[in-house]
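Chemist: Give me coordinates for this.
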Amino acid sequence: MTAATLPATHTLLPKHVGLGQVLIQSATLSWRGIVKLRRRPAGLADVIIGPAIFLVLFGYVFGGAISGNTGEYLQYVFPGILGMMTLFATMGVGVSLSTDLSDGIFDRFRGLPIARISPLIGAIGSDIVRQLVSLTALIGFGLLLGVRFETSVWSVLAGCALALAFALAVSWALILLALAIKDPMAVQGLGAVIILPLAFASNIFVPVETMPGWMQTFASWNPIGHLVDAVRGLMMGGPVGEPLMFTLMWMAAFVAVFAPLSLIAYNRRA
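Modeler: Below is the predicted model of the structure:
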């Protein structure tokens, strides 16, 4: 009898992958997504132009009617638009992942000796560049239009970091959506349908107190509203502790619910 040998090209998948290896693999796959953006910078157009459009439209078209003073309204609406734009940028995660799934690249990932969750974390990690570009563009346009922060630089940076972390947590929901829907355009369209009502039924554009009673109840528990309250307090002054606590709770809930579901959906596709 002779022992059967595996071909040299066959790679055995490890039974267990350590946390350090998962982080390295995820970082490598994140870099892959960043390289794609470097080669196709036009993919950043929406996160650069979008902030300017929203600030101009809501600041100068609706600001006078809502607040009576466009300058004061820009101060109010800017933190809300910052939080909203980071959420819209997360749709890039779902669209990119859905495109990769359609192209078959994930079939290759399944044959590599890497953790199953690494490609999913990598998809989210590569979106950090889009988020940072969106935040930078929004702050730049805001300063040009007359927005002035009323807290310290470190507090403003903390607000940006909180919005970025919240968006990355929400990205797990977009990952699950991309795994459930095969069409990238459908992922983008459905993502917008979900995010838009959450954005407008919140305190981004108007105080919650101006809404009907039933909508006030929804808006008061809207996760985007808690994020905006925290960011508004960090950038423009005001209470931070309570909205920050609720925002962190929502972030943990998004990861705890959608990350395992995404991994299950990914394994089923395998």
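
Chemist: how about the closest residue in space to residue 242 that isn't next to it in sequence, secondary structure?
Modeler: Of all residues not flanking residue 242 in the chain, residue 229 sits nearest, at 8.0 Å (Cβ to Cβ, 6 or more residues apart in numbering). Bear in mind the C-beta positions are built from the backbone N, C-alpha and C, glycine included. With DSSP: H, G, I helix; E, B strand; the rest coil as the basis, residue 229 sits in helix.

Chemist: doesn't residue 203 make contact with residue 229?
Modeler: Yes: taking contacts as Cβ atoms under 8 Å, residue 229 lies within contact range of residue 203: 6.7 Å.

Chemist: distance of the residue nearest to residue 242 from residue 55?
Modeler: 20 Å (Cβ to Cβ, to the nearest Å).

Chemist: If I look at residue 263, what pLDDT would I see?
Modeler: For residue 263, the pLDDT comes out at 83.

Chemist: Can you point out the buried residues in whichever strand or helix holds it?
Modeler: According to DSSP states H and E, residue 263 maps onto helix 241-269. Buried residues in helix 241-269, counting neighbours by 16 or more other Cβ atoms under 10 Å, are found at 243-244, 246-248, 250-251, 254-255, 258-259, 261-263, 265-266.

Chemist: Can you get me a residue count around the residue nearest to residue 242?
Modeler: Per other Cβ atoms under 10 Å, the neighbour tally for residue 229 reads 24.

Chemist: Output the below-cut-off pLDDT ranges for the stretch 1-150 of the chain.
Modeler: Within the stretch 1-150 of the chain, the segments meeting pLDDT under 70 span 1-20, 22, 29, 33, 36-39, 41-44, 103-107, 109-113, 115.

Chemist: Could you rerun that using 90?
Modeler: For the stretch 1-150 of the chain, the stretches with pLDDT under 90 are 1-77, 79-148, 150.
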